[in-house]
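**Q** only geometry, no sequence info:
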Ligand code: ASP
């Protein structure tokens, strides 16, 4: 029988609706009390690590979860399921994807409806996630996100709807598999990517979104010694309004790593356009293009790379492609 570790961290999946209809955290996580789930088919070990709404989760908690999983692997666990609030779920999942050795299935799940609401999806998603984590076919797929009968790669999945249970989508590539009645069915194989060992996380890595008519003001705020790195969600294929350029150049002169992704929902950032603020100029100035990741994931990747002590070409290679 497979031994699966369930790490609970909080989020809507652990909350309930009160008499006023407000969704509030519980002192006791109702999902963690459910020991009979998949009874007889897996041996479930439970660890209630945190009870946090996911806007309260930081890279410090992400690293603690990663270290807990490494310890469990050393103790012979066969797979891991993490329950998490959906707001920042994609960031924790991608952090783990970048920092774990990909030796056992690790699945992150959550819920859009709290534990006592009609149509609550928490217990169902938890059960699906356990099934995926215990399935032999899940081996080597990197960290996965299982919600609403779909299996997504942590690298590309994103929350796309504020309330709909079908909120998690993978733009451009689609899910890697589905959850059938009681097992996982995969129809895409991921290209392997390099992972990164870290023992601490740095702070002051920022994310800025470009907009029509943007000037350099936001970048000027970041022009100080504390700033460790900045991800910019550029326009379209990877372009910026020209009035941003002098302030961006000042950040580059300070040797602050700047990463360029696209604010578009689909596609990858590329150096295609040769005009003032176009991707070709941005690349020549020294911005690093990061393909296939959205802004919040590129920020996690930059944070992990910097926390690992990567600089210069090593950091550029680590960031350049989402796959390698
Ligand atoms: N705000 C909640 C959280 O992320 C939403 C959720 O869990 O789905 O903790």
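**A** Perfect, thanks for sending it. Small disclaimer: the values here were computed from a predicted structure and weren't measured.
**Q** buried set for the helix or strand of the chain with the lowest mean pLDDT?
**A** Taking mean pLDDT, DSSP states H and E as the measure, the chain has helix 312-320 as its least confident helix or strand, at a mean of 90. Applying a neighbour-count criterion of 16 or more other C-beta atoms under 10 Å, one finds 315, 316, 318, 319 buried in helix 312-320. (Each C-beta comes from the backbone N, C-alpha and C, glycine too.)
**Q** Kindly indicate which of those lies nearest residue 18.
**A** Of all the buried residues of helix 312-320, residue 319 has the smallest distance to residue 18: 44.2 Å, by C-beta to C-beta.
**Q** if I pick that closest one, what's in contact with it?
**A** In this structure, residue 319 makes contact with 259, 288, 290, 298, 301, 302, 305, judged by C-beta atoms under 8 Å, 6 or more residues apart in numbering.
**Q** Let's see that with 6 Å instead.
**A** For residue 319, the residues meeting the contact criterion (C-beta atoms under 6 Å, 6 or more residues apart in numbering) are 259, 288, 290.
**Q** now those residues as a markdown table including secondary structure?
**A** Written out in a markdown table, the entries for the contacts of residue 319 read as follows (DSSP: H, G, I helix; E, B strand; the rest coil):
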| residue | secondary structure |
| --- | --- |
| 259 | strand |
| 288 | strand |
| 290 | coil |
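**Q** Wondering if stretch 44-63 reaches the ligand at all.
**A** Yes. Using C-beta under 6 Å from any ligand atom as the criterion, contacts between stretch 44-63 and the ligand involve 53, 54.
**Q** what's the span of that stretch, first residue to last?
**A** In terms of C-alpha to C-alpha, to the nearest Å, the two terminal residues of stretch 44-63 are separated by 23 Å.
**Q** cool, stretch 132-145 as well?
**A** Distance across stretch 132-145, first residue to last, is 10 Å (C-alpha to C-alpha).
**Q** Go through that stretch and flag the buried ones.
**A** 132, 133, 134, 135, 138, 141, 142, 143, 144, 145.
**Q** what's the answer for stretch 187-201, then?
**A** Within stretch 187-201, judged by 16+ other C-beta under 10 Å, the buried ones are 190, 193, 196, 198, 201.
**Q** contacting residues for the first one?
**A** Residues near residue 190 by C-beta under 6 Å, 6+ apart: 142, 153.
**Q** now do the last one
**A** Shown in contact with residue 201 (C-beta under 6 Å, 6+ apart): 59, 63, 307.
**Q** so which strand or helix has residue 94?
**A** Of the helices and strands defined by DSSP states H and E, residue 94 is found in helix 89-99.
**Q** pLDDT of the helix or strand immediately after that helix in the chain, averaged?
**A** The helix or strand immediately downstream of helix 89-99 is strand 106-109, counting by DSSP H and E. Rounded to a whole number, the mean pLDDT of strand 106-109 is 98.
**Q** so where is the chain shaky, pLDDT-wise?
**A** Under the criterion pLDDT under 70, the flagged ranges of the chain are 34-39, 321-324.
**Q** count of neighbours near the closest residue to the ligand within it?
**A** For the chain, the residue closest to the ligand is residue 85, as judged by C-beta to the nearest ligand atom, at 2.2 Å. Under the neighbour criterion other C-beta atoms under 10 Å, residue 85 is assigned a count of 23.
**Q** Excluding sequence neighbours, find me the nearest residue to residue 198.
**A** For residue 198, ignoring the flanking residues on the chain, the nearest one in space by C-beta to C-beta, 6 or more residues apart in numbering is residue 307 at 4.6 Å.
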